[in-house]
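J.: model the following, please.
(2 chains)
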Amino acid sequence: MAIRDKLSGNEAVSIAMKQINPDVVAAYPITPSTEVPQYFSTYAADGLVDTEFVAVESEHSAMSACIGAQAAGGRSMTATSAQGLALMWEMLYIASSYRLPITMAVINRALSGPINIHCDHSDSMGARDSGWIQIYSENNQEAYDNFLQAVRIGEHPDIMLPVMDCFDGFITSHKVENIELLEDDVVKKFVGKYNPPYHLMDKKNPMSMGPLSLPMYYFEAKRQQAEVMKNTTKVILEVAAEFEKLTGRKYGLFEEYKMDDAEVAIVIINSTAGTAKEVVDKLRSQGVKAGLVKIRVFRPFPVEEIAKALSKCKAVAVMDRADSLNGAGGPLFTDVTSAMYGRADGVKMINYIYGLGGRDVKVDDIEVVYNELQSIVKTGKVKEVYNYLGVREGK
Amino acid sequence: MAYNLKEWTKRPERFTGGHRLCAGCGATPVVRTILRALKPEDHAVISCATSCLEVSSFLYPYTAWKDSFIHSAFENVAATISGVEATYNAKKRKGEKVDESKFIAFAGDGGTYDIGLQALSGAMERGHDMVYVCYDNGAYMNTGIQRSSSTPRFAATSTSPAGTVIPGKPQRNKDLTLIMMGHHIPYVAQTLPLGNFKDMSEKAEKAIYTKGAAFMNILAPCPRGWRYETSKLMDMAKLAVETCVWPLFEIIEGDLTLNYIPKNKLPVVDYLKPQGRFSHMFEKGNEWMLEEVQKQTDRQWEMLLKLNDMK
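T.: From the prediction side, this is the model:
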């Protein structure tokens, strides 16, 4: 029987870690992810896990220790936010290129500067091309469920890539919600054992990892990584199907909410999807054919599937809780529009940057977006592609 | 086992020939001596910071390392190997079958004194059962002889050239071995490739087989960076010791012991003279530089003598 509880997102993920009982958790405190290693250290101190908890002196060392731990054949995990993820940046690329399936909770927080502790997605979006699989979670239940699935996806013998489970700082990490946990033995059975074919602790088969690789070989190494990333979609869906059998909770590459006949839709990531669904319901009750697509898997980006899901819409707004500061649009927008190109031409596409640095996003704000989409459908004209929502504009 | 050069050289070679380190490089005898101190039956996991040693010993698809080896980046070798050791501990706690192993990190002075200092300090403070070996050649040799915080005062490097206004590196080098003493770890040693390698071999054996974190700072002369003749490695090492520029000592559970006190301490000029990086110090009008280095070397040596007497 599943366990019903009331937990914050951070608690839920730390319980997932406890149930998995990994070999190594190496982490460093940073708001709002601090609670994850904090809860976990109490499990270690009370002997509830066998894990070696390594309280490192920086996030750079947290990721480095996870790399060493995973290369030694262990299962390693960590959690971080914002500056911590930024400090890990160098090591993120090394972890993925060494094909080490480390699992990391990224509790989304705005990157400095100015310094800010609240939610936006600039941290994990900055790491979107680091070769990690990125999964996003709307709420506590998803944060927990995705963390369990992340282990299975990353460690699949055909994949062997690290995975981030990203969820919103404070909004999801600290808010307490009803949640359904799996029993410990069910989790253990679901994640199984991590038995990589090659690792550093194998005395009979010593190996060297992390060579200098010059122009003769480097390119092929990157090409192989690119190929693996493309193939992960199949595994992500297989793991989701198995998880659904276990829990009844269905996961895909993204969630389609009232999209069957939608004429106007927004594409969004994480907790604001909950607010936006309220607006969709309200508009539907008024006869507006509104829908929503909530991204779950951002890396690899589900290009074909997204284009298909949006192809019948007349106007789509892509919502970015991170700005690319590139004069062209946010990271999700540029990916979605390039997915549409040649696959679903003719759909009017606009972008909204919203909620930076934890700026609150309310039902009224989302209504502004759907109103704009309806006006585009009516007039056939896009006034401005690259927009900002809920910001004070100077003269 | 008591040290015997003949016997120890019969032990299996764990760092093979065919690597690309320069002729006369001090890093090679350091690595070979450290690894020879492992019991032949013991497996080791070795991690190396980005360095001359790393890029010369593991150029895909060839490796010179017979044990398990991991390189990940420049500043984090201590963190990387501490992760390996953590997995080993967890597997043991879980009662899983795990091969007995020793954990050794190698890094140059750039990867240790400078960019890697934080990770080193963290790993030592956490007390992982590992040995951290700094092969100290006193500059960033891999990138072309740039100054580090280990570069001795007045040495000319490519970023502290002997100019007409600034005569080489103005600052003194850091005393990293004593900084490590401040970490209260069970074993700290300073050594170099000297004579029959007895000093380094015995210290390596203690470092590897002492439970907990151990640190070894090893002077590794670099003929390219120091600008002396390639064949003079052992002569340079001997001069470093006889002039007290690089004293041999170890710190066991906080107690410092000088392992060698020269009967006739040689003047530092004997050490500086054969090295091109100090040649400007011997120009007319620069006598003050030689005097300064002699003074600072004497002060440092006297401090070590006092610590040695404190037992």
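J.: near chain A, which residues of the stretch 101-250 of chain B are found?
T.: Selection of the stretch 101-250 of chain B residues close to chain A by Cβ under 8 Å from any Cβ of the partner chain yields B:101, B:118, B:119, B:121, B:122, B:123, B:125, B:126. The C-beta positions use only the backbone N, C-alpha and C, and glycine is treated the same way.
J.: let's see it at 7 Å
T.: Residues of the stretch 101-250 of chain B lying close to chain A (Cβ under 7 Å from any Cβ of the partner chain) are B:101, B:118, B:119, B:121, B:122, B:126.
J.: can you pick out the most distant pair from those?
T.: With Cβ to Cβ as the measure, no two of those lie farther apart than B:101 and B:118, at 25.4 Å.
J.: the more surrounded of these two?
T.: The neighbour comparison of residue B:101 against residue B:118 (other Cβ atoms under 10 Å in any protein chain shown) goes to residue B:101, with 21 against 17.
J.: the more buried one contacts residue B:87, doesn't it?
T.: No: look at residue B:101 against residue B:87 with Cβ atoms under 7 Å: they stay out of range, at 10.1 Å.
J.: so what sits against both of the two?
T.: residue A:201 (Cβ atoms under 7 Å, 6 or more residues apart in numbering or on different chains).
J.: which residues touch stretch A:62-70?
T.: A:23-24, A:26-28, A:54, A:56, A:76, A:78, A:80, A:88, A:91-92, A:94-95, A:98, A:100-102, B:47, B:70, B:72, B:76, B:79-84, B:86-87, B:119.
J.: just stretch B:297-311 next, same as before
T.: Applying Cβ under 7 Å, 6+ apart, the contact partners of stretch B:297-311 are B:243, B:244, B:245, B:247, B:249, B:255, B:256, B:257, B:258, B:268.
J.: what residues does the last one make contact with?
T.: This points to residue B:268. By Cβ under 7 Å, 6+ apart, the contact set of residue B:268 is B:243, B:245, B:293, B:294, B:297.
J.: residues near the third one, how many?
T.: When neighbours are counted by other Cβ under 10 Å, residue B:293 registers 23.
J.: in the sheet, who's paired with the spatially closest residue to residue A:348 that is not a sequence neighbour?
T.: Nearest residue to residue A:348, sequence neighbours excluded (Cβ to Cβ, 6 or more residues apart in numbering or on different chains): residue A:315, at 4.2 Å. Residues in a beta bridge with residue A:315, per DSSP bridges, are residue A:264, residue A:348.
J.: quick one: residue A:315 and chain B, what's the gap?
T.: For residue A:315, the distance to chain B equals 46 Å [Cβ to the nearest Cβ, to the nearest Å].
J.: does that residue touch residue A:379 like I think?
T.: No: using Cβ under 7 Å, residue A:315 is not in contact with residue A:379; the gap is 10.3 Å.
J.: neighbours around residue 67, how many?
T.: Here I'm looking at chain A. By other Cβ under 10 Å, 31 other residues sit near residue A:67.
J.: nope, chain B please
T.: Residue B:67: 21 neighbours (other Cβ under 10 Å).
J.: partner strands of the host helix or strand of residue B:214, with direction?
T.: Using DSSP states H and E, residue B:214 sits in strand B:213-219. Taking DSSP bridges as the criterion, strand B:213-219 forms sheet pairs with strand B:130-136 (parallel), strand B:187-191 (parallel).
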